[in-house]
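In: Okay, predicted coordinates and the sequence, questions at the end:
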Amino acid sequence: MPTISRPPSVRLRIEGMTCGGCAANVERALQSVPGAAAARVNLITTVATVDLADPPASRADLIQAVQRAGYDADSARPDDVSPVAAERTQENQLREHRQALGQAIAIGLPILALHWLAPVIQSSDSGGWVWPVAMQAVLCLLLLASSAGAPILAGGFRALIHWSPNMDLLISLGVSAAFLSGVVGLLTGDRGATHFHAVAMILVFINIGRYIENRAKRNTTTALTALAKRLPATAERVTPDGLETVRIDNVQQGDHIRVAQDTVVPVDGRVVLGEGAIDESSVTGESMPRHKREGDTVPSGSLVREGVITIEATRVGTDSTMGRIIKAVEEAQMGKTRWQRIADRVAGVFVPVIMGLTVATLLGLHLIGGLDWSIAIDRAVAMLVIACPCAMGLATPAAIAVATGTAALQGILVRDASALEEAASADYMLLDKTGTLTTGHPAVVDVSLSTAATSTHTVEQILTLAASADLLSQHPLARAIVAEAKRQGLTLAEAESFKSVPGRGVSAQVEGVSVHVGSAALMSMNDIDVSPVEQAIKQHAASGQSVILVAARSVCIGLIVLSDTVKPEASRALASIRDLGLRLGMLSGDQAGTATVVARQLDIDDVHGEMIPQDKQQYIRDLQRAGRHVVFVGDGINDAPALAEADVGITFASATDVAIGAADITMLHSDLTRLTTAIQLARRSIRIIKQNLFWAFFYNIVAVPLAAMGRIPAGYAAAAMMVSSISVVLNSLRLRKTETHKNDLPIQEQPSAN
């Protein structure tokens, strides 16, 4: 699992943010504090992460900086920012928005009814129009004081006091201008200046929009919540008095936890009692359950299919396997693409620009255009309301939240949002051979008799003798021979004597027969003639295969050919990557001949063998200088420099810690077809971000002039603004509809211990 090295940081829960401009304001406020190196604010989760410098900023100073900017902040405990806790917070916010919407409709509709029915219900006497308008004014006061209006006004005027322009400020100015204009018109008898209906329409539509938007935003984080729900809420801890049920966050390292059948393992642990079949597909991608017994390790998030085990907790909380997966996704969602940084800068200056344009339009329409004040005010209010940059601020974070969550559910952990951007533009993919394109483990590919063998010798006999002699050897080639014999169901005999010759092979006595299994050098040491198989040795060696000779009674009777086999899905996966338009290459530290054989099997033309880590790194640099955007896929310590040098480094959860630390994307599964999924998802993500930003900018470019010309009344401006924000979130949710795999992390909650 990725262990990403980051500077010390603190997390804060931010309240009062409503748009991208708000997030930009909070970031600037936090970064202005001495001792704060960098700040990242997530508009979707409302959490700020501040990287600390040396000496570090205090938490109190950071909170005060946020408050001075016009927002509320508090320390975020781990429980507060967990996906499940975030889901509860979103549910509470949704409940508040539902209540506000109810009040907006309950008070706003009578105001609109009085406005529309005024010609019918008003008296024909002079001044008969006053009482319906006066009732509208009273209802408007109630509306502004309700939960549908008061929080917006408070946020807007707080932003004005601290001069941190945001969406609430534009709405507050628009609503206040419409209301005060109506009051002045009511007092002066100017019926045309009353805009109470505009106040009602604005607040009704704004509250409808915020309710729908928050419902949609909640869906953008369902993937992260689904990951968190993979773990049970409680665990059964073993104590001297028996079992006790404890919350999972109260489990300590060293505790003994009992995990029953059909229960998810809550923490990483080592089996100390019992045995069972453990389904680790959600973590490793292994489709078949693994049999675990005392001494074996089990990761959090795996499922006990059969049996009952007791484990000793080795890693708990955010240090556990599932905890680090969730942490990696959260970190990715906090990151920003180049497009988001542009949008944040624009949103930060957009509100002051719109305010200036509105004032200029108001004065210009009245003083130069000769329009009545009431008409000019109505258009100015429409400009303020319709220009809210909410859609602009949501365009990127909504898409990133959905994309990284969806990727995680498919076993693809993205370290940072910028990795998606780089992966989307990639046009060249380089892959390591051993452990990446191949299994990384030798396997028997052929067993044959030598010309010196007699008619009584068989292929099965050669394999049986070799495996029996190798039973006590720990060499990878010996283990592969034993595994093949067992796979074929051959009966192995225990060697009566055993001698291992490092680097050459083994000699053993098997059922009274002297057996030698190893290289030609081992045969030479024992005066065994290998001339009958010399030609075969040369042919297999030229193909990059390993040859093990088998001798019985001082006669070389056969040979066993082993090779690091290509992964079954490799050819299909690489074909899919070619279909995406990427060129493929292989960089390997193995002998050129061996690398060429594998490359030929996979139809890779650009192949380079015998490359040390610096050679791989330099090759990537040369491609980048030529204008290529390079993805490198590897899993070894020697791949770390190339993974770090590439525009995007991709590795697997089974890789070395060094490789994982250098990579931008980590695959929880070893299935190479996930590479195609990662590239496709990255491209779709960036495409949707661009669509979101285009429509957000296009909306404002078109809508603001139309509002200034009086084509869009103030009430309808609020509806248009609502639609633009909702459309951005809904467009981002399209990323959830992507291809899934057999062993993807399931969305549904698994059985728990409680």
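Out: In hand now; what should we look at? Numbering: from 1, shown residues only.
In: So residue 92: helix, strand or coil?
Out: Following DSSP: H, G, I helix; E, B strand; the rest coil, we place residue 92 in the helix state.
In: I'd assumed residue 414 was in contact with residue 404.
Out: Yes: counting by CB atoms under 8 Å, residue 414 is a contact partner of residue 404 at 5.1 Å. Where C-beta positions appear, they are placed from N, C-alpha and C, glycine not excepted.
In: Would you map out the domains in this protein?
Out: 9-85, 252-315, 416-438+567-671, 441-565 (automatic domain parsing).
In: Is residue 492 part of a helix or strand, or is it coil?
Out: coil.
In: measure residue 612 to residue 564 for me?
Out: 19 Å (CB to CB, to the nearest Å).
In: which of these two has more neighbours?
Out: residue 564 (23 against 11; other CB atoms under 10 Å).
In: For the more buried one, give the beta-bridge partners.
Out: Applying DSSP bridges to residue 564 gives these bridge partners: residue 442.
In: so what's it up against?
Out: 434, 438, 439, 440, 441, 442, 443 (CB atoms under 8 Å, 6 or more residues apart in numbering).
In: Could you find the lowest-pLDDT member of the residues you listed?
Out: Minimum pLDDT for the contacts of residue 564 is recorded at residue 440 (73).
In: quick one: secondary structure of residue 74?
Out: Quick answer, by three-state DSSP: residue 74 is strand.
In: can you check residue 230 too?
Out: Quick answer, by three-state DSSP: residue 230 is coil.
In: Which members of the contacts of residue 564 are classed as buried?
Out: 434, 438, 439, 440, 442, 443 (16 or more other CB atoms under 10 Å).
In: and which of these is nearest residue 14?
Out: Nearest to residue 14 out of the buried ones among the contacts of residue 564 is residue 440 (CB to CB; 45.8 Å).
In: which ones are touching that closest one?
Out: 434, 564, 635.
In: what does residue 645 give?
Out: Contacts of residue 645 (CB under 8 Å, 6+ apart): 617, 620, 621, 632.
In: ok, so of the buried ones among the contacts of residue 564, who is nearest residue 152?
Out: For the buried ones among the contacts of residue 564, the nearest to residue 152 is residue 440 (59.2 Å; CB to CB).
In: and the closest one, how far is that from residue 530?
Out: Counting by CB to CB, the gap from residue 440 to residue 530 is 29 Å.
In: cool, residue 428 as well?
Out: Distance from residue 428 to residue 530, by CB to CB: 45 Å.
In: helices and strands of this structure: which one has the lowest mean pLDDT?
Out: When each helix and strand of the chain is scored by mean pLDDT, DSSP states H and E, helix 78-81 comes last, with a mean of 45.
In: Let me see the ranges of the helices in the stretch 451-600 of the chain.
Out: 459-470, 476-487, 520-525, 534-542, 570-579, 592-601 (DSSP state H, counting those that start in this stretch).
In: remind me which residues of the stretch 201-350 of the chain are low pLDDT?
Out: 213-214, 216-229, 281-288, 325-345, 347-348 (pLDDT under 70).
In: just the strands in it please.
Out: Ranges of strands in the stretch 201-350 of the chain, per DSSP state E, counting those that start in this stretch, are 234-239, 242-247, 256-259, 268-279, 290-292, 297-298, 303-315.
In: C-alpha coordinates for the longest one, PDB please?
Out: Below are the C-alpha coordinates for strand 303-315, written out as PDB (Å, rounded to 0.1, in the frame of the first residue of the first chain):
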ATOM      1  CA  LEU A 303     -13.600 -11.400   4.500                       C
ATOM      2  CA  VAL A 304     -13.600 -14.700   6.400                       C
ATOM      3  CA  ARG A 305     -15.400 -17.100   4.100                       C
ATOM      4  CA  GLU A 306     -14.900 -20.200   6.200                       C
ATOM      5  CA  GLY A 307     -13.700 -20.900   9.800                       C
ATOM      6  CA  VAL A 308     -13.100 -18.700  12.800                       C
ATOM      7  CA  ILE A 309      -9.800 -17.000  13.500                       C
ATOM      8  CA  THR A 310      -8.300 -14.900  16.300                       C
ATOM      9  CA  ILE A 311      -5.800 -12.300  15.100                       C
ATOM     10  CA  GLU A 312      -3.300 -10.100  16.900                       C
ATOM     11  CA  ALA A 313      -3.700  -6.500  15.700                       C
ATOM     12  CA  THR A 314      -0.600  -5.300  14.000                       C
ATOM     13  CA  ARG A 315      -1.800  -2.100  12.300                       C
END
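In: What residues of it count as buried?
Out: Buried, per 16+ other CB under 10 Å, within strand 303-315: 303, 304, 307, 309, 310, 311, 312, 313, 315.
In: Among these, give me the pair with the biggest separation.
Out: 307 and 315 (22.1 Å).
In: Nearest to residue 361 among the helices of the stretch 451-600 of the chain would be which one?
Out: Short answer: helix 570-579, nearest of the helices of the stretch 451-600 of the chain by CB to CB, at 52.4 Å.
In: so what does that closest one touch, helix or strand wise?
Out: Other elements packing on helix 570-579 under the criterion 3 or more CB pairs under 8 Å, 6 or more residues apart in numbering; DSSP states H and E are strand 583-587, helix 673-708.
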